[in-house]
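A.B. asks: just coords:
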Ligand code: AHR
């Protein structure tokens with residue numbers, strides 16, 4: 001089977017916003033406690049943060065991390081997480097039916113973010129709280145001093161403001177599971193007033209308004225139209241979330257699901273364009289895809305805690321999906337979609353980062369380890385920054401119940417800003433056949449293969465574990481670039497990254 005096409009350096013979709021490769025840490029399960037924070041762990045730093053986890057976050061080069069939720073934020077009092085640790089209250093977290101010790105709050109998380117070489121994207125509680133707590137939190141986090149909340153921050157040990165640029169106005173406010181769920185009109189009003197107040201503090205900040213929690217919501221996409229109608233002129237992004245699952249064990253259908261993701265993005269881009277025209281606005285609004293991942297392996301096991309049949313455990317095992325090789329291919333396809341739609345999707349957050357539906361796992365007192373999906377995520381983040389290119393590619397495909405023509409090869413291309421390399425991210429969805437890829441390279445000058453990595457040949461259900469990272473990239477061979485033409489045989493059910501340099 002052959003796939004033939006052209007990559008042209010002038011066919012630019014967009015410059016990828018590095019924040020497309022962000023992630024997410026929620027106070028949920030073991031993401032924070034025994035995830036990023038474990039005082040007493042052999043690698044713990046002076047703040048009790050695990051250095052082995054920080055090292056892996058740095059390895060993945062995570063540009064931004066959304067915090068502190070998620071559903072959690074809709075019942076969170078940020079003030080509970082400041083001041084002397086021994087005086088912080090234990091709260092019942094209604095979102096995840098757990099106890100929250102508040103031993104980690106904004107100071108500890110900000111220090112961790114600095115150590116992990118990432119920046120913060122903070123969410124405010126528009127569920128159980130509202131404008132007043134949001135504006136106080138902003139003043140605490142971003143004001144230099146000389147006011148009530150900023151002086152309290154200084155008293156609590158942090159002299160300089162953190163200067164957080166991007167703020168989420170609540171989380172999944174359309175969801176029936178959300179504490180303080182709202183109708184689109186209720187949410188549109190409170191989001192508008194909150195953004196207006198926060199902008200009155202600093203006009204240059206960026207705000208993310210909640211879109212639909214998923215395209216399966218009954219209110220989608222009218223929700224977006226209503227919420228944008230209220231907020232268009234005071235916000236910068238609309239947030240979308242999507243999780244992927246393969247309960248049916250149908251690989252062909254599973255690996256085609258990014259067609260649904262593409263539709264979701266296209267539809268909301270249309271709603272944004274409609275609202276812009278309706279408002280006669282000159283301003284652009286983009287998509288913040290601030291929760292996405294595979295999430296289904298652990299759902300059954302989590303019921304007991306989530307339904308409250310386990311009492312109020314602190315940092316229970318929750319959402320600990322163990323990812324297999326099939327999920328590598330899925331994550332590769334999702335990331336490719338984001339690169340191809342980087343004209344409208346500016347921020348993306350892999351949900352989540354540590355232990356909770358995460359690429360990084362930890363054993364309490366033991367090692368941190370990389371899940372199978374760590375690798376396509378880290379590769380995209382490290383090598384997928386620059387100009388996303390619009391490839392033309394003729395490739396045979398297949399149809400599913402929801403997509404008429406899914407090409408066997410899913411490909412995204414980025415001309416990297418840093419070293420000028422052309423990086424191709426390729427997934428072969430074909431279950432038995434290799435696809436011979438031939439790509440004419442135009443406008444790049446002479447190129448040669450400078451890096452070629454592959455994940456292939458594994459059982460689809462194979463997983464990694466502590467001390468056993470067997471599902472990992474290895475050097476590939478056989479790709480060549482000569483005379484302005486790349487040729488590579490892409491093996492069945494494989495993830496491949498080929499980099500072409502001068
Ligand atoms: O990421 C896990 C949960 O999924 C988040 O808390 C919530 O926003 C979404 O439903």
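C.D. replies: Arrived safely. Given the structure is predicted, the values throughout are model-derived calculations rather than measurements.
A.B. asks: going forward, measure contacts and count neighbours with C-alpha atoms only.
C.D. replies: Will do.
A.B. asks: So stretch 238-253, near the ligand or not?
C.D. replies: No. Remark: stretch 238-253 sits outside contact range of the ligand, by C-alpha under 6 Å from any ligand atom, the gap being at least 7.5 Å.
A.B. asks: So which bits of that stretch are buried?
C.D. replies: Neighbour-count burial for stretch 238-253, counted by 16 or more other C-alpha atoms under 10 Å, picks out 238, 239, 240, 241, 242, 244, 245, 246, 251, 252, 253.
A.B. asks: Same question for stretch 189-206.
C.D. replies: 189-199, 205-206.
A.B. asks: gap between that stretch and the chain center?
C.D. replies: Centroid displacement of stretch 189-206 relative to its chain, using C-alpha atoms, centre = their mean, to the nearest Å, is 24 Å.
A.B. asks: contacting residues around it?
C.D. replies: Contacts to stretch 189-206, defined as C-alpha atoms under 8 Å, 6 or more residues apart in numbering, come from residues 126, 130-131, 134-135, 138-139, 165-167, 169, 207, 209, 230-231, 234-237.
A.B. asks: how many other residues sit next to the residue in the stretch 351-500 of the chain positioned nearest to the ligand?
C.D. replies: As assessed by C-alpha to the nearest ligand atom, the ligand sits closest to residue 351 within the stretch 351-500 of the chain, at 5.3 Å. Using other C-alpha atoms under 10 Å, the number of residues around residue 351 comes to 27.
A.B. asks: re earlier: and the buried residues of stretch 238-253, which is closest to the ligand?
C.D. replies: Taking C-alpha to the nearest ligand atom as the measure, the ligand lies nearest residue 241 of the buried residues of stretch 238-253, at 7.5 Å.
A.B. asks: What distance do you get for that closest one to residue 183?
C.D. replies: Look at residue 241 and residue 183: by C-alpha to C-alpha, to the nearest Å, they are 18 Å apart.
A.B. asks: now residue 48
C.D. replies: Separation of residue 48 from residue 183 (C-alpha to C-alpha): 41 Å.
A.B. asks: ditto for residue 458
C.D. replies: Distance of residue 458 to residue 183, given as C-alpha to C-alpha: 46 Å.
A.B. asks: When residue 48 and residue 183 are compared, which one has more neighbours?
C.D. replies: The neighbour comparison of residue 48 against residue 183 (other C-alpha under 10 Å) goes to residue 48, with 19 against 15.
A.B. asks: From the contacts of stretch 189-206, list just the buried residues.
C.D. replies: Buried, going by 16+ other C-alpha under 10 Å: 126, 130-131, 134-135, 138-139, 166-167, 169, 207, 209, 230-231, 234-237, out of the contacts of stretch 189-206.
A.B. asks: Filter those residues down to just the ones in strands.
C.D. replies: 166, 167, 169, 207, 209, 237 (DSSP state E).
A.B. asks: Let's have the residues you listed in JSON lines, adding pLDDT.
C.D. replies: Converted to JSON lines, these look like this (pLDDT from 0 to 100):
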{"residue": "166", "pLDDT": "98"}
{"residue": "167", "pLDDT": "98"}
{"residue": "169", "pLDDT": "98"}
{"residue": "207", "pLDDT": "98"}
{"residue": "209", "pLDDT": "98"}
{"residue": "237", "pLDDT": "98"}
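A.B. asks: and which of those residues is nearest the ligand?
C.D. replies: Using C-alpha to the nearest ligand atom, residue 169 is the member of these that sits closest to the ligand, with 12.3 Å.
A.B. asks: I figured that closest one was touching residue 124, is that so?
C.D. replies: Yes. Shown here, residue 169 and residue 124 form a contact pair, counting by C-alpha atoms under 8 Å, at 5.7 Å.
A.B. asks: ok, residues contacting stretch 438-455?
C.D. replies: Residues outside stretch 438-455 that contact it (C-alpha under 8 Å, 6+ apart) are 2-10, 471-477, 479-488, 494-502.
A.B. asks: from those, which ones fall inside strands?
C.D. replies: Residues of those located in strands (DSSP E): 2-8, 474-475, 480-482, 485-488, 494-501.
A.B. asks: residues contacting residue 72?
C.D. replies: 26, 27, 28, 93, 94, 95, 96.
A.B. asks: What is the neighbour count of the first one?
C.D. replies: Using other C-alpha under 10 Å, residue 26 has 22 neighbouring residues.
A.B. asks: That one against residue 65, yeah?
C.D. replies: No. Here residue 26 does not reach residue 65: they are 9.7 Å apart, not a contact under C-alpha under 8 Å.
A.B. asks: What about whatever residue of the chain ends up closest to the ligand? Give its phi and psi, please.
C.D. replies: In the chain, the residue found nearest to the ligand is residue 70; the distance is 3.4 Å by C-alpha to the nearest ligand atom. When quoted as degrees, to the nearest 10, the phi and psi of residue 70 stand at phi 80, psi 170.
A.B. asks: mind checking which helix or strand the residue positioned nearest the centre of the chain is in?
C.D. replies: Nearest to the mean C-alpha position of the chain, by C-alpha atoms, centre = their mean, lies residue 349 at 1.6 Å. If you go by DSSP states H and E, residue 349 is part of strand 345-351.
A.B. asks: Okay, buried residues for that strand please.
C.D. replies: Residues of strand 345-351 classed as buried by neighbour count (16+ other C-alpha under 10 Å): 345, 346, 347, 348, 349, 350, 351.
A.B. asks: Model confidence for the second one, exactly?
C.D. replies: Read that as residue 346. pLDDT recorded at residue 346 is 98.
A.B. asks: Return the residues in contact with it.
C.D. replies: Counting by C-alpha under 8 Å, 6+ apart, residue 346 touches 16, 17, 19, 20, 286, 287, 288, 289.
A.B. asks: is the spatially closest residue to residue 461 that is not a sequence neighbour in a bridge, and if so with what?
C.D. replies: Closest residue to residue 461 apart from its sequence neighbours, by C-alpha to C-alpha, 6 or more residues apart in numbering: residue 324 at 5.1 Å. Under DSSP bridges, the beta-bridge partners of residue 324 are residue 463.
A.B. asks: As JSON lines, the ones in strands among the buried ones among the contacts of stretch 189-206 with distance to the ligand would be great.
C.D. replies: Output for those, formatted as JSON lines (distance: C-alpha to the nearest ligand atom, whole Å):
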{"residue": "166", "distance to the ligand": "17"}
{"residue": "167", "distance to the ligand": "15"}
{"residue": "169", "distance to the ligand": "12"}
{"residue": "207", "distance to the ligand": "17"}
{"residue": "209", "distance to the ligand": "13"}
{"residue": "237", "distance to the ligand": "16"}
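A.B. asks: how many other residues sit next to residue 467?
C.D. replies: Look at residue 467: counted by other C-alpha under 10 Å, it has 10 neighbours.
A.B. asks: Pretty sure it sits against residue 370.
C.D. replies: No. Look at residue 467 against residue 370 with C-alpha under 8 Å: they stay out of range, at 9.2 Å.
A.B. asks: first to last residue in stretch 353-373, what's the distance?
C.D. replies: Start to finish, the residues bounding stretch 353-373 are 11 Å apart (C-alpha to C-alpha).
A.B. asks: Let's test this: mean pLDDT of it, rounded?
C.D. replies: Here the average pLDDT along stretch 353-373 is 98.
A.B. asks: try stretch 310-328
C.D. replies: Stretch 310-328 comes out with an average pLDDT of 97.
A.B. asks: What parts of the stretch 1-150 of the chain come near the ligand?
C.D. replies: Applying C-alpha under 6 Å from any ligand atom, we find that the stretch 1-150 of the chain lies next to the ligand at 69, 70, 71.
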